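Participant: Sharing a sequence plus its predicted fold:
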Amino acid sequence: MNEQDLKKFIGLDRVTVSEAMQLIDNGQNGILFLVDSNNRLVGCITDGDIRRFLLKGGKMSDPALKAANKSPKVAKSDEDAKRLYHRKNYCFIPILDSEKKIVAIYYGDGHKIRNKSALNIPVVINAGGRGTRLDPYTRVLPKPLIPVGDLPIIEHIMNEYQSYNCDEFHIIVNYKKNLIKAYFADNNVDYNISWYDEETPLGTGGGLTLLRGVFKDTFFFANCDALLTANYERMLKFHKDNGNVITMICAYKNLNIPYGVIEMGKNGSIEDMKEKPLFSFLTNTGIYIVEPEVIDDMEDNVPIGFPDIVDQQRKKGRKVAVFPVSENDWMDMGQLPELEKMRIKLYGE
């Protein structure tokens, strides 16, 4: 491992949770080893550690060390690392010198491919919108058929669900619906699809009433402009363990302001100054885990956005919650610049 590769795994122990998340995303290894000012290992943090910390009430501005594992497994030599790696099934083993400084990271022959569990629950995809953010492309093609590399976006979404054995698809269509149906009719892949036609636009949530009585148990519900590569098994477990009627999958977005930001008080006094601050906030990915009783509460043929349905359920006292994922796990193709970013991420330059 060269020095440049090693740096991708390492961050200073003074970084915040938000900064640690960015370093993990940039390194694309899912883990960050924290070192002190003398480069000695003091802990490690993963995206899972961050999620658990935030769900317990932690803040993105808190020190990452608060969320970290302060006793990670380590090795003193390559041979020691190999034994530990194969015996305990760890993914990354830091190799330390006598001063507890990281000299290498052992991870076998490369990243392990995680075996995905078979979830076997139905998936509803809302594919009825006009895709106005992708105009003028959507004047010709409906948004679900906009290509990202070799496949249209809807197939990328379906393939991700199928990797968890979720192959029962219920697709709500409206705008250019015959083109969408014709594409799948001519497709060589035999998908298990049930179609639901909106006669009038019903928003991002109203089309669910067309599926009243179809489900007896939990289902995924997704808009047709986002691809999520996070761990669906963990999402579903969180939803079930907490007894939620809706779990909203949200991604942390980190926004760097390239200026000094000033907070002004009375008579122009300076209350606070921050140089090039980093702001973190949760954004709705448009992907949800839903219980069927949510549909029972909805009115037929009434346009409504699904965030409004979430709010209605919350006001009724039912359990709705957020499952946070990394910004790196979410690809949104709702705007043209994001469409190209998604293609590069899936296929490379």
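Facilitator: The structure has been received and is ready for your questions.
Participant: Run through the residues that contact Ser77.
Facilitator: Ile95 (Cβ atoms under 8 Å, 6 or more residues apart in numbering). (C-beta placed from N, C-alpha, C; glycine too.)
Participant: Against Tyr232, how distant is it?
Facilitator: Distance of Ser77 to Tyr232, computed by Cβ to Cβ, to the nearest Å: 38 Å.
Participant: Then Ile172?
Facilitator: Distance of Ile172 to Tyr232, given as Cβ to Cβ: 21 Å.
Participant: What helices and strands are in contact with the helix or strand hosting Thr283?
Facilitator: According to DSSP states H and E, Thr283 maps onto strand 278-290. Contacts defined by 3 or more Cβ pairs under 8 Å, 6 or more residues apart in numbering; DSSP states H and E place strand 278-290 against helix 17-27, strand 219-223, strand 226-228, helix 232-241, strand 246-256, helix 306-315, strand 320-325.
Participant: more neighbours, Ile172 and Tyr232?
Facilitator: Neighbours per residue, other Cβ atoms under 10 Å: of Ile172 and Tyr232, the larger number sits with Ile172, 26 against 22.
Participant: For Leu134, see how far away that one is.
Facilitator: Separation of Ile172 from Leu134 (Cβ to Cβ) stands at 18 Å.
Participant: Quick one: residues contacting Lys177.
Facilitator: Applying Cβ under 8 Å, 6+ apart to Lys177 gives the contacts 128, 142, 195, 197.
Participant: Not counting residues beside it along the chain, what's closest to the second one?
Facilitator: What it means is Pro142. The shortest distance from Pro142 to any residue other than its chain neighbours is 3.8 Å, reached at Lys176 (Cβ to Cβ, 6 or more residues apart in numbering).
Participant: Torsion angles phi and psi at the one you found?
Facilitator: The phi/psi pair for Lys176 (degrees, to the nearest 10) reads phi 50, psi 40.
Participant: Report whether the expected contact of it with Ile146 is present.
Facilitator: No. Using Cβ atoms under 8 Å, Lys176 is not in contact with Ile146, being 11.3 Å away.
Participant: Next secondary structure after the stretch of helix or strand Leu6 belongs to?
Facilitator: Taking DSSP H and E as the definition, Leu6 sits inside helix 3-7. Counting by DSSP H and E, the next helix or strand C-terminal to helix 3-7 is strand 10-12.
Participant: shaky segments in the stretch 51-200 of the chain?
Facilitator: Within the stretch 51-200 of the chain, the set of residues satisfying pLDDT under 70 comprises 86-90, 108-115.
Participant: And the stretch 201-349 of the chain, by the same measure?
Facilitator: In the stretch 201-349 of the chain (pLDDT under 70), the answer is 334-337, 348-349.
Participant: Can you give me the domain boundaries for this protein?
Facilitator: Structural domains annotated on the chain: 3-106, 123-347, as defined by automatic domain parsing.
Participant: In CSV: these, plus distance to Ser117.
Facilitator: What follows is these, written out as CSV (distance: least, Cβ to Cβ, whole Å):
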stretch, distance to Ser117
domain 3-106, 16
domain 123-347, 5
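Participant: Mind checking those for the one nearest to Lys116?
Facilitator: Checking the domains of the chain against Lys116 by Cβ to Cβ gives domain 123-347 as the closest, at 5.2 Å.
Participant: So which residues of the stretch 1-150 of the chain form strands?
Facilitator: Per DSSP state E, counting those that start in this stretch, the stretch 1-150 of the chain carries strands over the ranges 10-12, 31-35, 41-46, 93-96, 102-106, 123-127, 147-148.
Participant: Give the buried residues for the strand holding Thr283.
Facilitator: Neighbour counts over strand 278-290 (16 or more other Cβ atoms under 10 Å) mark 280, 284-290 as buried.
Participant: That one to helix 306-315, inter-axis angle?
Facilitator: Counting by axes from the mean of the first three to the mean of the last three Cα atoms, to 10 degrees, strand 278-290 lies at 80 degrees to helix 306-315.
Participant: Phe92 against Phe9, yeah?
Facilitator: Yes. Contact status for Phe92 versus Phe9: in contact at 7.3 Å, counting by Cβ under 8 Å.
Participant: and for the two, which residues touch both?
Facilitator: Common contacts of Phe92 and Phe9 (Cβ under 8 Å, 6+ apart): 29, 31, 105.
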